[in-house]
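S.K.: How does the following fold in three dimensions:
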Amino acid sequence: MSAHCTWCGTDPLYVAYHDEEWGVPEYESRALWEKLVLDGFQAGLSWITILRKRDAFREEFDDFDPEKIALWDAARIEKALQNPGIVRHRGKIVATVKGAQLFLDIEKEEGFANWLWSFVGGKPIQNNFSTMSQVPTATPESTAMSKALKKRGFNFCGPVIVYAFMQATGMVNDHMTGCPRHADLSRPSTVG
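M.R.: Next comes the predicted model:
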């Protein structure tokens, strides 16, 4: 794609992420949880840093299998802290273990994907921004989702992180109107 959004620059990994993943509606609960965890790990860092470490994260975190991660003990957390391929932040790793337990509760109660998508009415919000300066860092929807996640016990999920998560998972279409992906992702889509 030639006229992609400018935020991804020219790094081939970043361009591929923009062209193939970012903004594509994700309705699978485990995949949504993985992206929420990775956005939490991004706090204070750039997304390209996380993207470059994503394979190592997947390997260390049992392919983001919440049933496995929910059982991690102190020794397993210490093992993860020794992995130079991931972001070694104790608080974020502990939050991931707790988040896995919370995920399992929500998944059983109402479905994690259904719960998250309810904050946008079950379908992507179609924005029509022509410049990056028009894109908000947080919205009423991301603030509401952030508050609900925190109320449940999740960490590293402030409104700005949650908005980035919503953009990445296609809950909002924030591709610039001049980007070919904007039109591709503007077709109607709802929770399956």
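
S.K.: List the contacts of stretch 152-167.
M.R.: Counting contacts by CB atoms under 8 Å, 6 or more residues apart in numbering, the residues outside stretch 152-167 that touch it are 22-23, 35-36, 39-43, 47, 91-92, 95, 98-99, 102, 105-106, 120, 136-139, 141-143, 145-146, 149-150, 171-172, 174. In short, each C-beta sits where N, CA and C put it, glycine included.

S.K.: wait, what's in contact with the closest residue to Phe156 other than its chain neighbours?
M.R.: Using CB to CB, 6 or more residues apart in numbering and skipping the chain neighbours, the partner closest in space to Phe156 is Gly40 (3.3 Å). Gly40 is in contact with Lys92, Ala95, Thr96, Gly99, Asn155, Phe156, Cys157, Ile161, counting by CB under 8 Å, 6+ apart.

S.K.: host element of Gly40?
M.R.: Using DSSP states H and E, Gly40 falls within helix 29-42.

S.K.: Now the helix or strand that that helix is followed by - C-alpha only, CSV.
M.R.: Next in sequence after helix 29-42, counting helices and strands by DSSP H and E, comes helix 47-60. In CSV, the C-alpha atoms belonging to helix 47-60 read as follows (Å, rounded to 0.1, in the frame of the first residue of the first chain):
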residue,chain,number,x,y,z
TRP,A,47,4.6,0.2,20.1
ILE,A,48,7.4,-0.8,17.7
THR,A,49,9.4,-2.0,20.7
ILE,A,50,6.6,-4.3,21.7
LEU,A,51,6.0,-5.4,18.1
ARG,A,52,9.7,-6.5,17.8
LYS,A,53,9.4,-8.5,21.1
ARG,A,54,5.9,-9.9,20.3
ASP,A,55,7.2,-13.4,19.4
ALA,A,56,9.3,-13.6,22.5
PHE,A,57,6.2,-12.5,24.6
ARG,A,58,4.1,-15.2,23.0
GLU,A,59,6.8,-17.8,23.7
GLU,A,60,7.3,-16.7,27.3
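
S.K.: Centre of the chain to helix 47-60, how far?
M.R.: Centroid separation for helix 47-60 versus its chain: 13 Å, with CA atoms, centre = their mean, to the nearest Å.
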